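In: A structural model of the following input is requested.
(chains A and B)
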Number of protein chains: 2
Amino acid sequence: MSPCPHFLILLLIIAVSFHLLSHCHSLSRSISPSTMSPATTLFAALLRRPYHHLHLHLRRGLSTHSQPPSIEYSLTHPIYTIWAANTSLGKTLVSAGLSTSFLSSSNRKFLYLKPLQTGFPYDSDSRFVYNKYSQFFSLNKPEFSVFASNHVLRASVPASNAVVKDEMGRSCGNGVVNLGFYEESRLRGTSENGEMMKGFSMLVCKTMYGWKEALSPHLVAERENARVEDAELLEMLKGCLEIDEMESGEKDEVFCVIETAGGVASPGPSGSLQCDLYRPFRFPAILVGDGKLGGISGTISGYESLKLRGYDVVAVVIEDHGLVNEGPLSSYLRRRVPVLVLPPIPKEMSNNLMEWFQEALPTFHSLQEIMQSAFLERASRLRNMPRKAHDIFWWPFTQHKLVPEENVTVIDSRCGENFAVHKVNKVDLITQQFDACASWWTQGPDATLQIELARDVGYATARYGHVMFPENVYEPALECAELLLEGVGKGWASRVYFSDNGSTAIEIALKMALRKFLFDHRIISDDLVAESAESRVDLKVLALRGSYHGDTLGAMEAQAPSPYTGFYQQPWYKGRGHFLDPPTVAMCDGVWKLSLPQEIETQKPNIEDLTFSLRENIFKESRDNSNLSEIYHSYIRQALQLLMDSSGSTQTGALIIEPVIQGAGGMEMVDPLFQRVLVKECRSQKIPVIFDEVFTGFWRLGAESATEFIFCKPDIACYAKLMTGGIVPLAVTLASEAVFEAFVGDSKLQALLHGHSYTAHAIGCTAAVKSIKWFKDSKTNPNLTSEAVMLRELWDSDLVRQISLLPAVHRVVVLGTLCALELRAEGSNAGYASLYARSLIQKLREDGIYMRPLGNVIYLMCGPCTSPESCSNLLNKVYRRLEEL
Amino acid sequence: MSPCPHFLILLLIIAVSFHLLSHCHSLSRSISPSTMSPATTLFAALLRRPYHHLHLHLRRGLSTHSQPPSIEYSLTHPIYTIWAANTSLGKTLVSAGLSTSFLSSSNRKFLYLKPLQTGFPYDSDSRFVYNKYSQFFSLNKPEFSVFASNHVLRASVPASNAVVKDEMGRSCGNGVVNLGFYEESRLRGTSENGEMMKGFSMLVCKTMYGWKEALSPHLVAERENARVEDAELLEMLKGCLEIDEMESGEKDEVFCVIETAGGVASPGPSGSLQCDLYRPFRFPAILVGDGKLGGISGTISGYESLKLRGYDVVAVVIEDHGLVNEGPLSSYLRRRVPVLVLPPIPKEMSNNLMEWFQEALPTFHSLQEIMQSAFLERASRLRNMPRKAHDIFWWPFTQHKLVPEENVTVIDSRCGENFAVHKVNKVDLITQQFDACASWWTQGPDATLQIELARDVGYATARYGHVMFPENVYEPALECAELLLEGVGKGWASRVYFSDNGSTAIEIALKMALRKFLFDHRIISDDLVAESAESRVDLKVLALRGSYHGDTLGAMEAQAPSPYTGFYQQPWYKGRGHFLDPPTVAMCDGVWKLSLPQEIETQKPNIEDLTFSLRENIFKESRDNSNLSEIYHSYIRQALQLLMDSSGSTQTGALIIEPVIQGAGGMEMVDPLFQRVLVKECRSQKIPVIFDEVFTGFWRLGAESATEFIFCKPDIACYAKLMTGGIVPLAVTLASEAVFEAFVGDSKLQALLHGHSYTAHAIGCTAAVKSIKWFKDSKTNPNLTSEAVMLRELWDSDLVRQISLLPAVHRVVVLGTLCALELRAEGSNAGYASLYARSLIQKLREDGIYMRPLGNVIYLMCGPCTSPESCSNLLNKVYRRLEEL
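Out: All right, here's what the predicted structure looks like:
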């Protein structure tokens, strides 16, 4: 092989154009079709693309908190991101090498994207790829032609000025201008027969943004006063990735690589680390490692940073420095991720690297093959997942007969509040859906918290895995308990009992309450002698109809009969409670209205007590002095009396309520005044009070605890779901010291003999510590001001009112992160088993909103950090679909 | 400041000795006290130390699988590890700088350790620190004296030969020789008054191992044929860290740094990454980052690799390269970890750096202060944790009155099977205890799997967090389900129902079984019309006395009355079962014997059926033909008959058993023949069979599923605990297709309406996928051969027999990872509430074994990958303590 290739049959057309454009969308106009060669026309079409679909939404403020744009890309061809463990390890050589390997036959298109280029125009990786491929082509003289082009779309003013002095009217905001630099060439192969469009391939190289100084993007963006927000960059990238049939023949094979700048965690122009910045796409990764002394470490660390962002690394590539770094790297990767070794790169500046590319070609072929087959495997797995799921899963709360295979949602990943789902819509796509059911009400994290949780959870696993809890102490459990007692338990709780989920937390709460009741009422005593009580006393709970506390038998017993508790579900269920009908409140036709159970209605409450002009009035403590409060009191006293009056053997051992909102029961808002009166009455009769805050806790309703809304404290309370930020199951039952003391004695048998293997597991406690702090800190939660105890209003109140006025809508309940509405329905269309909302839900999924109905009740649920703008966006889409009904 | 300091009052004594020693322990003899100056005597004492306590256990084979030595270190003074994001970032400058900052007054001792030095003797970081401090001292002339020394303990032959040619008799194995290089100097301060021992401080620099070539330790160890195993290195490090009063005055302040080689994840001499190698100590870390272009990325990735091993990083230090890298680093670290900036380091080789050290001194003072205060904070937090835990935790299964504060175990971390616990034993210590209760039987990972789980769990969090399960599919849940059906469910199960823990899995299993029974016996039908059945049928379960299935009410109902189910625990418990007394088997006085319930005993079984010469005979399928089998059959048939014969309204809706071993009930081995007969009888009467494998599953008993031991399959089985490798709660209920079909129909109400928020959470499923594969792969589990379906025998059978012969021991049960024994006890000393084993357990904790008794039953439990050597080590300690009883 000769280092100085002869360009025998090469005809090189280079058209360099400095398009001075007045605005973003007019780029295409600058190239008039009449003056262009066919090849140029083709490239002009290419040039049009990225701008054509760009609707930039520039955002201010913390880039990490700005909502990422809606992500969508096609799975018709491989798209890879090329990362490196450090600068100057040869990412661009790998990209160029992949182009030489892939463009080795006709009907192929290689798209190379360099989103961020500093040191421009002196350094230009897209031009390097363009040049190297061109040289390689002419040296190897294949039998087909290639249209090659290199574009530079935007640049800072200094970078732009280095190319062309006139920047008039090209600004597109934030100190960035439309550069529109463009060069192209037609590379003719050996058996070229003169026909332009026959037997050709394409190389498209694009730089998205250029800055002049050769520094990190975050520095040059500041120094050259040319910032690019994350959302803008992602939107531009999304546009650049769109490939339509006009550009490339239907059967063209396409291969795309996106080359990052610097190392894996080098900051982008907004300051966000690039591994975080590109995360919403989660393209599979190639990691260019370090073959030098010390390079094993940097390569492994870089790999781990990618894994800690949820990326799949498909291969590692290193340059040979004679140190056999691939040995320890392969061993670390357990040979599951291949490590490829490139020949040593010549160091002389003059070298045009053609010999090196030739020598490295087999390695690039292997790499390309690995990338192709990983891509095909991923695509085929995604396609097959619904069938496999259908065959082997047994989904909870799901009638399998009603879920056809095509309705199964394939979730490829989540990023903050959004799912990335796989869809087949003509072609296979990865597209985005807002997780509006908050994955069974567990979710809270934004994209930033999710990544921080990943690191913390990894740390906790490495530090503890799980360790035994009873009689032991370890940091995450202690810190979690401390935070709970300073937070949701403040002012009343002094003990933390850990378990695994809401249902177990309730079973524990009931055991606590019943024991406490037996002691307070001297049915059993400290020395455990009164075992005969067993036959004497039938303990019941007082609860509200429509409340839900979990699916294990003990928790079920505290619920009124419902579809969940039927004989078909659990033949052992008895319903060990007295279940009161609660008054509820909702916005109906634009007004907040109380809806009273018959027994109360007949007491003729004052009419002015039954509607509220503002939602906040519902929660006013001054309602205690109303006539309605008196009516509630007597209703409850009477109900308790009735229970007590009977044979004497039946006793009310506990009160259990979901404060403010009954979730699974249909998102009913119970009158907070009623609940307050109920708690007071029970307390006066020494009946322990349990708050089930599994759903309502941790900002779900806009305050850390729903006790904020009803101005009274329980003796026992249960938390789960959002406590870990929505990462892993963990639950707690908090108790007052008085409750705890009913279990202290000389015998082990007096202790609470209930526990689960993973009690207070370190990973869950670590996640809880992080999330509890994150949500209540105004530095990390933009929905909180520094003094606030409540989230700002997330749902546009005008829009909510308008929705309540729609004929299809019966009632609306909006509080905190929840916006629920009941559709008007009758007969079998109402209730839990109703399939009424199904088609609406299906349409909303097409709109990018993943909802799940509760019969004829549908709801949107966001996280405590979600922006009101995102919420309005969702609500608008719902409004539009409801109008259609 | 002058770059060329005048050594005005300095008297430098340098004693360089090449000790040619015949064996490891004779080093001290080479320096005769009579010929030494007082200073030399002092250093001789220092020299003696590391060898004095060294009992090297060199191991062969995979270094990652060798048991790390028992870790212990004192918390009387700070010990830090200095890490770097890459080579050549200035770790040694930071170490030297810390020595200049710390040794700024008398009565202080600075210990610098360099475990691995390559390029030796040309490069020697310990000599660099020794030299730089000496120069700095003479330049600054403080008012006290310093004894400074530099040691190089061991070296490869080539490295040793570069220092001294004679290597006769100095070998200490594996190509490593005792070099014993030693130099010392006495640095006299300005106000020196002639008295040797008044007002002095000490600098001790030690290189543990030197290799000649300047390459990575794993390469030079191979090239110079001088390997050092991880265990040997850690043992040596432990020895070097021991500081006794002879060496340093009681009130001397001590500060210790350990400087690693290369980057965070650079391999050590065995090939283990250094971040993994030093993990058992988990010393707090200082990370020397990279201030250069691209250095932000490497620093963050290095930080993340440390976090992914459970290290606490106390500060990051970078050199100023004018790029303000500290900005993005601080922002990434959310200002919780300080980032310190050192002045630019002069590049000229001739520079002795004195001016630089002077300029950097304030930064080193800040760094030292940060390290001191982080150390004090950690120590004080550890001391206070028992009290805080005592005040706010409510431990499960724990009578708080019986746990004095001083009995609370503070677990600082775990590494594989071992806890690192904090203890106050004269001084505060971090010491090691084997987690012999496997943290409530959940644990499986060795140290390597734990770290891989950390990475995978971090990845799953970053990729998914948690996502909704019903009607959806995502990779970890699908892969987990596939592995379960190919593994524990092979040959019978076709559906996977996820939940959170053993108790919920049982509740689900019972709902499945009862529904299946109702359908099979036509008590309810497909169209759900027979709701009246509710009042007609009283469904019971058939179960074995002594079995345990969880603490939620539904699971409790399937258990016979016991301390767990009393009226004090759950007044709603009824015991909805028929509970048979099972025959059990155990080794008593050296022989495996059956112990039969009265009803069976009276049938007079053949005497030869009642004892077994070998444990494997108990599990032989040929026992089906024995006379005993016939007796079991008729006993069971009769029992079922009795249940059926009554009013007709009571029916046996399910059989539930823990196969082979009943765990919480006291580690009783039930006769596998009896269980097989029981399953067959129930199946013949269409009673669904549930196996509760929560405890027995996933290699706990030596096979992936305990069904291997009883040669029959269930209709439904529950798994949890070890499934995730012991990381997070996750459970599954597996079912046959026939069971699933009882829930398929046209109505949602016919579906199984039971679910928990975190159903099939991605993190748990990811951990399960990793662990299930890890345990059954002979490449990662050394206890498996490639074809084996059983673990090799872990417990020394001679020793087990001897234990069973001890008068204090009633019976022994050994199977798989379990070795349980019942102590002879009577009256209140027997049973669950017994405190009989307490003092024995306390003594074993002092021996480094963390056990938890089940009344008078104690047990050792290891992981599926634990080596038989570790098990024997534990068993020996138990044997010795039992002998004392």
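In: give me the element A:Ala159 is part of.
Out: Counting by DSSP states H and E, the element that carries A:Ala159 is helix A:157-161.
In: need the longest helix for chain A.
Out: What stands out as the longest helix in chain A, according to DSSP state H, is helix A:354-392.
In: and that helix with chain B, contact?
Out: Yes: with C-beta under 8 Å from any C-beta of the partner chain as the threshold, helix A:354-392 lies in contact with chain B, specifically through A:Arg381, A:Met385, A:Pro386, A:Lys388, A:Ala389, A:Asp391, A:Ile392. In this view, the C-beta of every residue, glycine as well, is placed from N, C-alpha and C.
In: do stretch A:461-476 as well
Out: Yes: counting by C-beta under 8 Å from any C-beta, chain B has neighbours in stretch A:461-476: A:461-475.
In: quick check, nearest of these to A:His521?
Out: For A:His521, the nearest member of the residues of stretch A:461-476 next to chain B is A:Pro470. The distance, counting by C-beta to C-beta, is 29.4 Å.
In: my read: that closest one touches B:Pro396, true?
Out: Yes: the pair A:Pro470 and B:Pro396 qualifies as a contact (C-beta atoms under 8 Å) at a distance of 5.7 Å.
In: so which of those two has more stuff around it?
Out: For A:Pro470 versus B:Pro396, neighbours defined as other C-beta atoms under 10 Å in any protein chain shown are more numerous around B:Pro396 (21 against 17).
In: mind checking the SS state of the more buried one?
Out: With DSSP: H, G, I helix; E, B strand; the rest coil as the basis, B:Pro396 sits in coil.
In: show me the contacts for it.
Out: Taking C-beta atoms under 8 Å, 6 or more residues apart in numbering or on different chains as the criterion, B:Pro396 is in contact with A:Phe469, A:Pro470, A:Tyr497, A:Phe498, A:Ser499, A:Leu752, A:Leu753, A:His754, A:Gly755, A:His756, A:Thr759.
In: what's the answer for A:Pro69, then?
Out: Remark: with contacts taken as C-beta under 8 Å, 6+ apart, A:Pro69 is in contact with A:His57, A:Ala231, A:Leu234, A:Glu235, A:Lys238, A:Pro280.
In: go again with 7 Å.
Out: Contacts here follow C-beta atoms under 7 Å, 6 or more residues apart in numbering or on different chains; on that basis A:Pro69 touches A:His57, A:Ala231, A:Leu234, A:Glu235, A:Lys238.
In: distance-wise, check it relative to A:Tyr80.
Out: Using C-beta to C-beta, to the nearest Å, we find A:Pro69 at a distance of 21 Å from A:Tyr80.
In: need the contacts of A:Pro69 in TSV with pLDDT, distance to chain B and secondary structure, can you?
Out: Supplementary listing: the contacts of A:Pro69 in TSV, determined by pLDDT from 0 to 100; distance: C-beta to the nearest C-beta, whole Å; DSSP: H, G, I helix; E, B strand; the rest coil:
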residue	pLDDT	distance to chain B	secondary structure
A:His57	28	24	coil
A:Ala231	94	19	helix
A:Leu234	96	18	helix
A:Glu235	95	23	helix
A:Lys238	96	20	helix
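In: report the two of those residues separated the most.
Out: The largest separation in these, counting by C-beta to C-beta, is between A:His57 and A:Lys238 at 12.1 Å.
In: who's more crowded, the two?
Out: A:Lys238 (19 against 12).
In: was I right about A:Leu241 contacting A:Tyr73?
Out: Yes: here A:Leu241 lies in contact with A:Tyr73, judged by C-beta atoms under 7 Å, at a distance of 5.6 Å.
In: just give me the residue right at the centre of chain A.
Out: The centroid of chain A falls nearest to A:Gly416 when counting by C-alpha atoms, centre = their mean (2.7 Å).
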